[in-house]
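1. what shape does this take:
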Amino acid sequence: MTTHQVITGNSNDMNLIEDQSVNLIITSPPYPMIEMWDEMFSDQDPEIKMHLEKGDGNKAFLSMHSILNSVWDECDRVLKDNGFICINIGDATRTINSDFQMYSNHSQIIDYFRKKGYSVLPDILWRKQSNSPNKFMGSGMYPAGAYVTYEHEYILIFRKGGKRIFKGNEKMLRQKSAFFWEERNIWFSDLWDIKGTTQSMGKTKKGRDRNASFPLEIPYRLVNMYSAEDDVVLDPFGGLGTTGIACMLAKRNSISYEIDSDVTKTSLDNMNISLFTANEFIQARIKRHLNFINNLPEEKKEKCYHNTPHGFEVKTRQETAIEIEQLKSIIKTDTGYECDYTKLELSAEPEQLSIPFAKLYA
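-> Just a heads-up that it's a prediction; the model follows:
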């Protein structure tokens with residue numbers, strides 16, 4: 001059974017979470033110097049609004065990151081030694097006082113965690129293609145007046161301390177939580193070409209009508225890459241509950257903090273997913289793997305290993321203990337949800353899968 005707690009509150013003080021009790025943090029914070037977040041930042045530091053009105057973009061930028069740093073301080077407190085932090089962040093481009101420039105959010109966050117003593121690991125570029133036919137910014141065809149169009153964001157990855165050592169029952173859970181060989185080759189690439197998700201959410205009491213949530217595929221990959229079954233995953237900027245849903249599907253526990261009570265309600269609604277939808281998503285991993293094995297040349301199939309829990313072939317010995325379970329129940333609680341799991345049963349042959357694999361893993 002896993003638990004999924006949603007808390008309304010400012011994540012610069014996550015006093016409901018004990019020190020060093022979280023295995024993994026996955027989040028997408030408000031992006032400094034993106035106008036949709038000006039009010040939220042200014043509510044916490046009125047000087048930010050003053051800096052913007054005076055046209056001092058650099059001071060506003062640094063003040064916004066000071067607010068984020070207070071959250072990163074709390075993340076450092078609750079994260080276990082050897083835990084990971086994965087942060088989806090985009091840089092901002094903005095014109096202030098007729099001066100167009102880029103504000104490098106990702107480098108500010110890297111600087112913070114490096115100074116904290118974290119290991120800065122290779123990051124991932126999330127390529128978000130623009131649907132606009134006009135992909136340039138500036139003065140059209142003339143030189144020295146146009147700017148590169150940003151179509152990517154960063155997924156920054158940090159580790160607290162050295163490598164995690166798995167002992168006893170944790171070692172078994174790590175083996176169960178292994179990923180497939182073909183998943184590894186896609187997930188551990190430094191470029192993810194994934195379509196973004198809609199940001200419209202309706203006006204909230206705090207004036208927000210958009211949300212910077214990432215698509216489910218991103219936290220789902222990260223949860224599987226950097227945690228094991230039954231681990232605790234935190235999202236300090238919980239938003240629409242996407243990280244919590246990914247944890248439900250991957251059999252991890254989750255805690256989400258969200259400052260806006262209206263967004264918390266939306267998050268809880270979103271996490272109330274149907275068992276059919278959830279299990280179709282979970283089954284997609286198995287069906288994708290079966291398609292991969294079926295398409296191998298016969299000489300490579302003969303070199304495969306046997307996965308004991310599911311009875312199919314796998315590419316490497318490390319995959320022989322993978323055990324993926326499906327959801328048995330999703331029960332509402334006072335603080336979120338509890339999920340129970342059962343043996344996975346495929347509802348269709350691989351070629352009959354109704355969710356295209358490209359939407360989940362491409």
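2. buried residues in the host helix or strand of residue 108?
-> Using DSSP states H and E, residue 108 sits in helix 105-115. Across helix 105-115, burial judged by 16 or more other Cβ atoms under 10 Å covers 105-106, 108-110, 112-113. Every C-beta, even on glycine, is put in place using the N, C-alpha and C of the backbone.
3. and stretch 91-102, by the same measure?
-> 91-94, 96.
4. for these, which one is nearest residue 170?
-> Distance to residue 170, by Cβ to Cβ, is smallest for residue 91 among the buried residues of stretch 91-102, at 37.3 Å.
5. these two touch, right, the closest one and residue 109?
-> No. Contact criterion Cβ atoms under 8 Å: residue 91 and residue 109 do not qualify, at 10.6 Å.
6. per-domain residue ranges of the protein.
-> With domains defined by automatic domain parsing, the chain comprises 2-271, 277-361.
7. would residue 125 count as being in a strand?
-> Yes. Counting by DSSP: H, G, I helix; E, B strand; the rest coil, residue 125 is part of a strand.
8. contact partners for it?
-> Contact analysis of residue 125 by Cβ atoms under 8 Å, 6 or more residues apart in numbering lists 152-155, 190-192.
9. top of these by neighbour count?
-> Greatest neighbour count in the contacts of residue 125, by other Cβ atoms under 10 Å, goes to residue 153: 24 neighbours.
10. how much space separates it from residue 230?
-> According to Cβ to Cβ, to the nearest Å, residue 153 stands 30 Å off from residue 230.
11. equivalent analysis for residue 77, please.
-> The gap separating residue 77 from residue 230 is 22 Å, by Cβ to Cβ.
12. and what of residue 345?
-> 22 Å.
13. the two: who's more crowded?
-> residue 230 (16 against 8).
14. isn't that one right next to residue 173, touching?
-> Yes. If you go by Cβ under 8 Å, residue 230 and residue 173 touch, sitting 5.9 Å apart.
15. is it correct that residue 80 falls within a strand?
-> Yes. Judged by three-state DSSP, residue 80 forms part of a strand.
16. OK, contacts around it?
-> 20-23, 160.
17. what does residue 324 give?
-> Here residue 324 is in contact with 282, 285-286, 310, 344 (criterion: Cβ under 8 Å, 6+ apart).
18. and for residue 292?
-> Residue 292 neighbours (Cβ under 8 Å, 6+ apart): 180, 182.
19. which helix or strand contains it?
-> Assigned by DSSP H and E, residue 292 falls in helix 275-294.
20. pull the number of nearby residues for residue 216.
-> 18.
21. which residues of the stretch 51-200 of the chain score low on pLDDT?
-> Residues of the stretch 51-200 of the chain meeting the criterion pLDDT under 70: 129-140, 197-200.
22. hey, where'd the helices end up in it?
-> Ranges of helices within the stretch 51-200 of the chain are 57-78, 105-115, 169-176, 181-187, based on DSSP state H, counting those that start in this stretch.
23. just to revisit the earlier point, need the contacts of residue 125 in TSV (columns: distance to residue 258).
-> Formatted as TSV, those follow (distance: Cβ to Cβ, whole Å):
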residue	distance to residue 258
152	26
153	21
154	22
155	21
190	30
191	30
192	25
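24. narrow those to those in strands?
-> Among the contacts of residue 125, the members found in strands (DSSP state E) are 152-155, 191-192.
25. can I get those in JSON lines including distance to residue 259?
-> Formatted as JSON lines, the ones in strands among the contacts of residue 125 follow (distance: Cβ to Cβ, whole Å):
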{"residue": "152", "distance to residue 259": "27"}
{"residue": "153", "distance to residue 259": "21"}
{"residue": "154", "distance to residue 259": "23"}
{"residue": "155", "distance to residue 259": "22"}
{"residue": "191", "distance to residue 259": "32"}
{"residue": "192", "distance to residue 259": "28"}
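26. mind checking the SS state of the residue nearest the centre of the chain?
-> Nearest residue to the geometric centre of the chain (Cα atoms, centre = their mean): residue 219, 3.0 Å. Assigned by three-state DSSP, the conformation of residue 219 is helix.
27. roughly how far apart are it and residue 297?
-> From residue 219 to residue 297 the distance is 35 Å (Cβ to Cβ).
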